[in-house]
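# Got a predicted structure plus its sequence, pasted below:
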Amino acid sequence: MPDILTIGPISLQAKLLMIFAAAVAAYYTMKLRMKHSSVTIHVSLLDAFMTGAWICVLFWKFGPVLRQPQWIWEEPLMIILASGGDTYLWIGMAAAIIYFYIWSLRKRVSLWLAADVLAYGLLVFHTVYQVFFWQYGMEADVPWGIRVIEEGVKYHPLNVYLAVLAVLSGIYLWRTRSPLGSGKHAGRFVLAFGTSRMVISLFEVQKGDQYLGFSQLQWWYFACMLLGYVWSYTSIISEKGDEHS
């Protein structure tokens, strides 16, 4: 998919368009999961998720304007074309989390319920946003490898691997028998996310310093795997304890 999509006189960032598509898909997935679990659909909960998502997007998209306010009158096109990168994305995520935490306290909504429902939204959002952009991994002499140029070297298609692992993660997550609000859905998501990203990282070029043979990102994925396992295991122990009490 090209970085810029042009429709007549209108130019749109492909990434911004995919963020919108991913957010819509995530919204309806969360709504479907709550309905499938016979949980009363908290429209306000879904609306709060979407508000948090828009806060994150606005920081990511328009963060550079805070540093370059002259763009408003000198280069207004840059407001549409530029984005804030990872720094403003993390700032937006922090702002969204603060907003949602305050909202949950005011509405007295269980954070475990919110975490379990959000797990499905994050899985779908991450998948939709990532799979439609070619991501080249290490060199690969395999039939399904992709080339930058027609006669060039083949590389691992990381986004294809991501799509396959996302489907498996979705099945694993959807088959969770514990009710929404138990926290087990969120734990399984963290475990599946960390495992999937760790597997994909084995086929991509790692940048930066390495520790004991693994990059900083790979150690982060390993931490997610460990946290998700402990989280899910703790949920199982709690359920067994409730059954015997």
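It's in.
# Sketch out the helices for this protein, chain order is fine.
14-36, 43-67, 71-74, 76-81, 85-107, 111-131, 158-174, 184-201, 216-244 (DSSP state H).
# so what's I79 scoring on pLDDT?
You'll see I79 listed with a pLDDT of 58.
# again, but for W90
W90 is given a pLDDT of 77.
# how many neighbours does it have?
For W90, the neighbour count with other Cβ atoms under 10 Å is 14. Using the backbone N, CA and C atoms, a C-beta is placed for each residue, glycine as well.
# The most centrally placed residue in the chain: what's it in contact with?
Central residue of the chain (Cα atoms, centre = their mean): H126, 3.4 Å from the mean position. By Cβ atoms under 8 Å, 6 or more residues apart in numbering, H126 lies in contact with A22, A166, F193.
# so can I have CSV of these showing distance to M138?
Listed next are those as CSV, based on distance: Cβ to Cβ, whole Å:
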residue, distance to M138
A22, 27
A166, 21
F193, 22
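# How many neighbouring residues does R177 have?
7.
# if we can go back for a sec, which one in the contacts of H126 is the model shakiest on?
A22 (84).
# returning to that earlier point: looking at the helices of the chain, which is nearest to G137?
helix 158-174 (4.7 Å; Cβ to Cβ).
# could you give the angle of that closest one to helix 184-201?
160 degrees (axes from the mean of the first three to the mean of the last three Cα atoms, to 10 degrees).
# Give me the angle between helix 158-174 and helix 14-36.
Between helix 158-174 and helix 14-36, the angle comes out at 20 degrees (the same axes, to 10 degrees).
# Pull out the buried positions in helix 158-174.
By 16 or more other Cβ atoms under 10 Å, the buried positions in helix 158-174 come out as L158, N159, Y161, L162, L165, A166, S169, G170, L173.
# Give me the distance between K35 and G52.
21 Å (Cβ to Cβ, to the nearest Å).
# That should have said K107, apologies.
In terms of Cβ to Cβ, K107 sits 13 Å off from G52.
# go on, V190?
Taking Cβ to Cβ, one finds V190 at 18 Å from G52.
# Could you dump the helices of the chain into a markdown table and include distance to Q210?
Below are these laid out as a markdown table (distance: least, Cβ to Cβ, whole Å):
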| stretch | distance to Q210 |
| --- | --- |
| helix 14-36 | 29 |
| helix 43-67 | 29 |
| helix 71-74 | 38 |
| helix 76-81 | 35 |
| helix 85-107 | 20 |
| helix 111-131 | 24 |
| helix 158-174 | 19 |
| helix 184-201 | 12 |
| helix 216-244 | 8 |
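# rank those helices by pLDDT, which is bottom?
helix 76-81 (a mean of 61).
# of the helices of the chain, which approaches G208 most closely?
helix 216-244 (5.9 Å).
# OK, contacts around Y221?
Y221 neighbours (Cβ under 8 Å, 6+ apart): G194, T195, R197, M198, S201.
# The fourth one: neighbour count?
Think M198. 18.
# is it true that it touches W220?
No: assessed by Cβ atoms under 8 Å, M198 is found out of contact with W220, at 9.4 Å.
# I91 versus Q216, what's the distance?
Taking Cβ to Cβ, one finds Q216 at 20 Å from I91.
# Ignore what I typed, I meant Y233.
Following Cβ to Cβ, the distance that separates Y233 from I91 is 33 Å.
# what's the answer for K184, then?
31 Å.
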